[in-house]
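Colleague: sequence first, then the predicted structure:
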Protein chains: 2
Amino acid sequence: MEALAEYFKVFSEPNRLAVLEALRQGSLNVTAVVEATGLSQALVSKHLKLLTIAGVVRRRPEGSLVYYQVFDRGVFRLLALAEKQLQASRQQQLTALQSVL
Amino acid sequence: MEALAEYFKVFSEPNRLAVLEALRQGSLNVTAVVEATGLSQALVSKHLKLLTIAGVVRRRPEGSLVYYQVFDRGVFRLLALAEKQLQASRQQQLTALQSVL
DNA sequence: ATCCAGTATAATGTTTTCGTGATAATACGA
DNA sequence: TCGTATTATCACGAAAACATTATACTGGAT
């Protein structure tokens, strides 16, 4: 439960999701992610490190570049399901409103 | 993306997951949740409020009691899938270790 | 009207988390 | 070897999240 919460925390940050989204297409080095997201280099580096430690992303140095790629693309299914549940929750928010108005 | 991150944040807290877990069995009032989780009353109230605002949980006052229940049990599928991906990520953490040792 | 149980909120202090700017570390080419 | 490009880390300040204690609010019973 503790660990699960930690895992969810990984995806609870917009910029981190943006980095993941950039990596959806495949393997990218840091500057490519920087350009794709528009975030600062330091920030991207931090998020990538966190994602790596979390085991979501894989780090592969190649010469002076460092490529990152999503380890298990199943995470995108998780993101998709979350998106779907998010829709369902919006429904609830509406019905909650109705019971007030 | 912004909204999705917010949604993930809902599940990124151990105590909140504990509250959700308590509500897996069905509808419970606040004190029942307090007893099931061992958390303080104020804390449970806060988490329930957050879950309600997030649209994950539904609030139903009955006399002086207030019952809460999970709105769309699909969230449990989300939790299960996350758990599964968590396992996959552990795999990556191991292989990451191997490339170091 | 009062008291009590159940629930919600407010105020507060502590800890995390985020982002930035500057700097280090590394690999490569001239 | 020196300079440059790429990536990682450090130090810091600001903002957000959490838990706790105390207090308010509500409905029902006496």
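Modeller: Ah, there it is.

Colleague: tell me the pLDDT at the residue positioned nearest the centre of chain A?
Modeller: In chain A, the centroid-proximal residue (C-alpha atoms, centre = their mean) is residue A:17; its distance is 3.0 Å. pLDDT, residue A:17: 98.

Colleague: ok, now which ones touch it?
Modeller: Counting by C-beta atoms under 8 Å, 6 or more residues apart in numbering or on different chains, residue A:17 touches A:11, A:79, B:1, B:4, B:5. Backbone N, C-alpha and C define where each C-beta goes, glycine included.

Colleague: centre of the chain versus the helix or strand where it lies, how much separation?
Modeller: Element membership for residue A:17, per DSSP states H and E: helix A:14-22. Put simply, helix A:14-22 sits 5 Å off its chain's centre (C-alpha atoms, centre = their mean, to the nearest Å).

Colleague: the helix or strand just after it close to DNA strand D?
Modeller: Once the chain leaves helix A:14-22, the next helix or strand it forms, by DSSP H and E, is strand A:28-29. Yes: applying C-beta under 7 Å from any atom of the strand, one finds strand A:28-29 in contact with DNA strand D at residue A:29.

Colleague: for strand A:28-29, which helices and strands make contact with it?
Modeller: strand A:65-70 (3 or more C-beta pairs under 8 Å, 6 or more residues apart in numbering or on different chains; DSSP states H and E).

Colleague: partner strands of the strand it packs on, with direction?
Modeller: strand A:28-29 (antiparallel), strand A:57-62 (antiparallel) (DSSP bridges).

Colleague: next secondary structure after that strand?
Modeller: helix A:74-98.

Colleague: about what we covered before: rank the contacts of residue A:17 by pLDDT and give me only the lowest.
Modeller: For these, the weakest pLDDT value sits at residue B:1, with 79.

Colleague: contact partners for residue A:57?
Modeller: Contacts for residue A:57 (C-beta under 8 Å, 6+ apart) come out as A:20, A:23, A:48, A:51, A:68, A:69, A:70, A:71.

Colleague: any low-confidence regions in chain A?
Modeller: Residue ranges of chain A with pLDDT under 70: A:100-101.

Colleague: run the last query once more with 90
Modeller: Along chain A, the parts satisfying pLDDT under 90 run over A:1, A:91-101.

Colleague: what does chain A put close to DNA strand C?
Modeller: Selection of chain A residues close to DNA strand C by C-beta under 7 Å from any atom of the strand yields A:9, A:12-16, A:39-40, A:42-43, A:46-47, A:50, A:63-64.
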